[in-house]
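# could you look at this predicted model? Sequence included:
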Amino acid sequence: MISINSLTKRFGDHTAVDNLSFDVKPGEVLGFLGPNGAGKSTTMKMLTGFLTPDGGSASVCGFDIQRQTLQAQQKMGYLPEGAPCYGDMRVRGFLEFIADVRGLRGAERKRHVDRAVEQVELQGVLGQRIETLSKGFKRRVGLAQAILHDPQVLILDEPTDGLDPNQKHHVRRLIQQLAEGSNKMVVVSTHILEEVSAVCSRAVIIGRGRLLADGTPDELEARSRYHQAVTLSLGQAVSTAPLESLPGVLAVESQRDGQLLTVLAKPGEVIFPAVGQVAREQQWQVNELSVERGRLDEVFRTLTSGEAA
Ligand SMILES: Nc1ncnc2c1ncn2[C@@H]1O[C@H](COP(=O)(O)OP(=O)(O)OP(=O)(O)O)[C@@H](O)[C@H]1O
């Protein structure tokens, strides 16, 4: 288990992480979200032992990161933001060096390096110097070093930043596979909200270093004003009055000159059947009728508006 208790970090008079607490349980992939400057990287640096907190504590698999730093770090793989250093090393040499640092020797070292290379598809660039790689490949080298010793806990700071769509998809699948059917824990910071729905079992949203929300993607989507909203794509422009007078309807948003309607539900109301009935009664030509789970981007914006540092 990862346990973060009242973690606090100040830079001068600026409080970057403010009394932050949350846990991550075995098998969970936690999405760690927040606007630029919210304190995500600072939290991850404290959690991995690279930055000393001004207050609070964090532990990983029972090891306190400040008092039992090495034991805690042995349990973790960490992909920091940006690219790996050691730019003049070649990819294979760099990964072998990391394997040495992780205490892997001989056949075991080779097996771990080969597995990581295969998992993030680095076979084509093993002999290349890191500084000559593209941004996406540098990111993949960083990911390979993080997963090299097959750690129980992975801390990934924007792992898909700079990757092309195919690689983004590949890395998301990799993250899911790492957590699936195992007791591993993954914390992944991201700005890409679709990534949260795609890979995370839970999400924590922070702003100005403080916790703003903690829940499953479904729970967070249920906080959206578009939760249970019904969208109608119509063959003609219509009057929205019959929809607005339905008891469970909060509002109707109209686009494309009244041919695309989004009917918002009051909290806790299910309006899909009633909206369908109005469409039939009014004999509207309905091309598409769909219900929304909610919009994570809108929840994120509502929670964090005015929270950017
Ligand atoms: N070494 C430092 N010295 C002074 N201020 C810092 C330092 N590191 C971070 N900060 C400040 O702390 C705040 C949090 O920064 P942090 O990098 O943790 O945010 P973040 O959520 O990771 O942002 P982003 O999404 O842009 O990566 C910012 O205001 C940043 O300027």
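Thanks, I have it.

# close to the ligand: what parts of this structure are there?
Residues of the chain lying close to the ligand by CB under 6 Å from any ligand atom are 11, 14, 16, 34, 36-42, 309. (C-beta placed from N, C-alpha, C; glycine too.)

# excluding chain neighbours, what is closest to residue 304?
Leaving aside its sequence neighbours, residue 304 sits nearest to residue 207 (CB to CB, 6 or more residues apart in numbering; 4.5 Å).

# over to the one you found: give its phi and psi.
Main-chain dihedrals, residue 207, degrees, to the nearest 10: phi -150, psi 140.

# same question, the one 4 residues further on
The phi and psi values for residue 211, taken as degrees, to the nearest 10, are phi -70, psi 130.

# pretty sure residue 98 is touching residue 143, no?
No. Assessed by CB atoms under 8 Å, residue 98 is found out of contact with residue 143, at 11.9 Å.

# of the two, which one has the most company?
residue 143 (26 against 23; other CB atoms under 10 Å).

# tell me the SS of that one?
Per DSSP: H, G, I helix; E, B strand; the rest coil, the local secondary structure of residue 143 is helix.

# and if you look at residue 302?
With three-state DSSP as the criterion, residue 302 reads helix.

# how far is stretch 229-246 from where the chain is centred?
For stretch 229-246, the separation from the chain centroid amounts to 35 Å (computed by CA atoms, centre = their mean, to the nearest Å).

# show me the shaky parts of the protein.
83-84, 306-309 (pLDDT under 70).

# helices along that one, start to end?
For the chain, the helices defined by DSSP state H cover 40-47, 69-74, 91-101, 106-119, 135-147, 165-179, 193-199, 217-221, 241-244, 272-281, 296-304.

# helices or strands up against the longest one?
Put plainly, it is helix 165-179. Under the contact criterion of 3 or more CB pairs under 8 Å, 6 or more residues apart in numbering; DSSP states H and E, helix 165-179 touches strand 29-33, helix 135-147, strand 153-157, strand 185-189, helix 193-199.

# what do you get for the second one?
With contacts defined as 3+ CB pairs under 8 Å, 6+ apart, the secondary structure elements packing on helix 69-74 are strand 63-64.

# follow-up on the earlier one: of all the helices and strands packed on helix 165-179, which one is nearest residue 170?
Of all the helices and strands packed on helix 165-179, helix 135-147 sits nearest to residue 170, with 9.2 Å by CB to CB.

# what's in contact with the closest one?
For helix 135-147, contacts defined as CB atoms under 8 Å, 6 or more residues apart in numbering pick out 77-80, 83-84, 91, 94-95, 98, 116-117, 119-122, 125, 130, 133, 154-156, 159-164, 167, 171, 174, 178.

# next one: stretch 285-293
Contact with stretch 285-293 is made by 218, 221-222, 224, 226-236, 272, 275-276, 279, as judged by CB under 8 Å, 6+ apart.

# quick one: buried residues of it?
Residues of stretch 285-293 classed as buried: 291-292 (neighbour count, 16 or more other CB atoms under 10 Å).

# now do stretch 48-61
So, applying 16+ other CB under 10 Å, buried residues of stretch 48-61: 48-49, 51, 53, 56-61.

# measure it end to end?
Start and end residues of stretch 48-61 are separated by 12 Å (CA to CA, to the nearest Å).
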